[in-house]
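A.B. asks: My questions concern the predicted model and sequence given below.
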Amino acid sequence: MAKNKTVFFCKSCGYESSKWLGQCPGCKEWNSFVEEPAAKKNTIGLTIGQDRIQMMKPKKLSEVETEEELRTKTEIAEFDRVLGGGIVKGSLVLIGGDPGIGKSTLMLQVGKKLSAMKKQILYVSGEESLRQIKMRADRLGTFEGDIMLLSETNLDTIESQTEQIHPDVLMIDSIQTMYKEDVAASPGSVSQVKECTSGLLRIAKGLGVTVFIIGHVTKEGMVAGPRLLEHMVDTVLYFEGENSASYRILRAVKNRFGSTNEIGVFEMESDGLKEVVNPSDYMLKGRPQDEPGSVVSVVLEGTRPMLVEVQALVCKTNFNMPRRTAAGTDFNRMNLLMAVLEKRLGISMAFCDAYLNVAGGIRVGEPALDLAIVAALLSSYKNHALKDKTLVFGEVGLTGEVRGVSQAQQRVAEAEKLGYELCILPKANVEKIGDKKIRLLGISSVREFAKLL
């Protein structure tokens with residue numbers, strides 16, 4: 001009996017090799033190759049592809065006609081914002097997230113809104129029975145329209161059903177459970193995920209069907225399977241948040257039809273996901289008043305300014321080596337800013353424990369949070385609270401200078417909208433901001449801020 005031919009795939013980028021390699025030539029990852037059966041080549045399709053290539057002729061850039069993408073709004077404003085204004089016809093969207101975060105619930109809610117607009121939806125689940133899907137749908141309320149349900153894992157069957165029904169939107173839950181019969185590998189493997197995604201891409205582009213793919217994530221937080229999966233799709237969305245917390249953040253990390261790094265904020269309730277219309281007010285809910293170590297700052301998530309609370313606790317250590325922890329921001333950035341305070345202000349923090357937290361569970365990586373971290377550390381160290389209704393933002397350099405940040409006017413406008421009275425910001429940004437009701441106080445170094453305290 002002839003042995004099936006096997007090849008080696010890189011789990012990170014999908015690079016294919018006839019033998020095992022210690023380092024992937026494509027993405028330079030180590031020990032990422034796995035052995036799997038080779039996919040059968042479709043010689044007919046290959047010939048058709050070659051003929052089509054010969055028939056196609058290059059066009060000049062000036063001769064290419066463009067038209068605006070056809071978008072359909074789902075009436076879920078936060079979801080539409082992340083997608084760039086709505087669902088684009090014929091697009092392929094990947095949604096990843098931790099188990100139980102709400103991916104399937106979000107897809108059913110989107111299907112509920114679209115079915116009410118007389119759109120035809122085909123929801124395919126490889127993990128749940130039709131009865132389980134119905135039970136979840138009942139928790140979401142009454143459906144004005146109707147959704148076609150299919151419990152299937154064979155992609156060939158799904159393709160044939162899609163061609164017969166020709167839905168407006170196809171939802172796959174999840175890509176790791178799908179398989180093709182001509183690929184001799186188990187569902188969820190590198191070759192199966194790659195081939196199934198290629199089949200769904202042909203459906204989306206060939207039939208003009210919008211396809212949503214739900215993907216499982218690894219313990220590192222990336223979508224399971226080859227990294228090639230994220231390159232093939234048009235849009236990649238990640239659901240973030242702790243299962244114990246009620247909030248959920250939907251973040252776009254790739255979008256061919258809109259802005260990247262855009263976010264939508266949701267709150268998980270018993271009857272599904274609810275939009276958070278004002279995330280700034282939501283993140284500051286329950287904030288203590290006149291407490292040392294508590295500082296409000298404003299960060300940008302995509303094009304949206306959002307107010308967050310930075311909390312710091314600095315106290316004398318009881319050990320030879322002080323303890324330092326940071327939640328919601330970069331730990332190394334906190335250590336760097338503490339070193340700036342020691343060097344430029346002469347404050348001895350070498351014998352102090354330091355704990356930093358961005359309240360609400362959101363993770364912030366932009367440098368505009370630096371001055372708020374410095375303010376929180378100083379406030380806790382000196383046990384002196386900032387005045388109420390005060391907001392702080394700015395980037396801090398190694399010499400202690402406070403540098404300007406982008407889109408300062410939008411940040412100030414958000415603070416003014418929520419009733420803040422004083423904004424401490426980089427001096428370089430003050431001149432570019434017009435007249436505001438909120439009082440602006442520009443500073444150029446951390447020394448000036450220490451004098452304010």
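C.D. replies: Cool, the structure landed.

A.B. asks: pLDDT below threshold where in the stretch 101-250 of the chain?
C.D. replies: Scanning the stretch 101-250 of the chain for pLDDT under 70 picks out the ranges 219-222, 224-226, 242-246.

A.B. asks: Oops, could you answer that again for the stretch 351-453 of the chain instead?
C.D. replies: In the stretch 351-453 of the chain, no residues with pLDDT under 70.

A.B. asks: Now with 80, please.
C.D. replies: In the predicted model, the stretch 351-453 of the chain carries pLDDT under 80 at residues 360-361, 434-435, 453.

A.B. asks: And the helices in it?
C.D. replies: Taking DSSP state H, counting those that start in this stretch as the criterion, the stretch 351-453 of the chain contains helices spanning 370-382, 408-417, 427-430, 446-452.

A.B. asks: go on, the chain?
C.D. replies: Per DSSP state H, the chain carries helices over the ranges 43-55, 77-83, 103-116, 130-139, 155-165, 190-207, 228-232, 279-283, 331-345, 370-382, 408-417, 427-430, 446-452.

A.B. asks: still on that earlier bit, nearest to Leu92, out of the helices of the stretch 351-453 of the chain?
C.D. replies: Nearest to Leu92 among the helices of the stretch 351-453 of the chain is helix 408-417 (31.9 Å), distances taken as C-beta to C-beta. The way it works is simple: take the backbone N, C-alpha and C, and place the C-beta from them, glycine included.

A.B. asks: Show residues contacting that closest one.
C.D. replies: 280, 298, 300, 305-307, 368, 391, 393, 405, 423, 425-426, 429, 432-434, 436-438, 440 (C-beta atoms under 8 Å, 6 or more residues apart in numbering).

A.B. asks: Quick check: which of the helices of the stretch 351-453 of the chain is buried the most?
C.D. replies: Compared across the helices of the stretch 351-453 of the chain, helix 370-382 shows the largest average neighbour count, a mean of 25 (mean count of other C-beta atoms under 10 Å).

A.B. asks: Remind me what that one packs against, helices and strands.
C.D. replies: In this structure, helix 370-382 packs against strand 294-301, strand 304-316, helix 331-345, strand 352-358, strand 390-392, strand 395-396, strand 422-426, helix 446-452, with contacts taken as 3 or more C-beta pairs under 8 Å, 6 or more residues apart in numbering; DSSP states H and E.

A.B. asks: Please point out which parts of the third one sit buried.
C.D. replies: For helix 331-345, the buried set under the neighbour-count rule, 16 or more other C-beta atoms under 10 Å, comprises 333-334, 337-338, 340-341, 344-345.

A.B. asks: Make a ChimeraX selection of the buried ones in the contacts of helix 408-417.
C.D. replies: The buried residues among the contacts of helix 408-417 can be selected in ChimeraX (16+ other C-beta under 10 Å) with this line:
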select :280,298,300,305,306,307,368,391,393,405,423,425,426,429,433,438,440
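
A.B. asks: Ile263: what's its closest spatial neighbour, skipping adjacent residues?
C.D. replies: Leaving aside its chain neighbours, Ile263 sits nearest to Glu301 (4.5 Å; criterion: C-beta to C-beta, 6 or more residues apart in numbering).

A.B. asks: nearest to Glu269, of the helices of the stretch 351-453 of the chain?
C.D. replies: Nearest to Glu269 among these is helix 408-417 (25.8 Å), distances taken as C-beta to C-beta.

A.B. asks: How far off centre is that closest one?
C.D. replies: Here helix 408-417 shows a centroid-to-chain-centroid distance of 24 Å under the convention C-alpha atoms, centre = their mean, to the nearest Å.

A.B. asks: what angle sits between it and strand 422-426?
C.D. replies: 170 degrees (axes from the mean of the first three to the mean of the last three C-alpha atoms, to 10 degrees).

A.B. asks: could you check the angle strand 294-301 makes with helix 408-417?
C.D. replies: In terms of direction (the same axes, to 10 degrees), helix 408-417 departs from strand 294-301 by 130 degrees.

A.B. asks: quick check: angle from helix 408-417 to strand 304-316?
C.D. replies: Angle between the axes of helix 408-417 and strand 304-316 is 80 degrees (criterion: the same axes, to 10 degrees).

A.B. asks: I figured Glu181 hits Asn154, correct?
C.D. replies: Yes - between Glu181 and Asn154 there is a contact at 6.8 Å, judged by C-beta atoms under 8 Å.

A.B. asks: out of these two, which sits in the busier spot?
C.D. replies: Set Glu181 next to Asn154 and count neighbours by other C-beta atoms under 10 Å: Asn154 wins out with 14 against 10.

A.B. asks: Could you check how far that one is from Ser445?
C.D. replies: Distance of Asn154 to Ser445, given as C-beta to C-beta, to the nearest Å: 65 Å.

A.B. asks: cool, and Ala375?
C.D. replies: Separation of Ala375 from Ser445 (C-beta to C-beta) stands at 13 Å.

A.B. asks: which ones are touching the closest residue to Ile373 other than its chain neighbours?
C.D. replies: Distances taken as C-beta to C-beta, 6+ apart place Leu337 nearest to Ile373, at 5.4 Å, with adjacent residues excluded. By C-beta under 8 Å, 6+ apart, the residues touching Leu337 are 370, 373-374, 377, 396.
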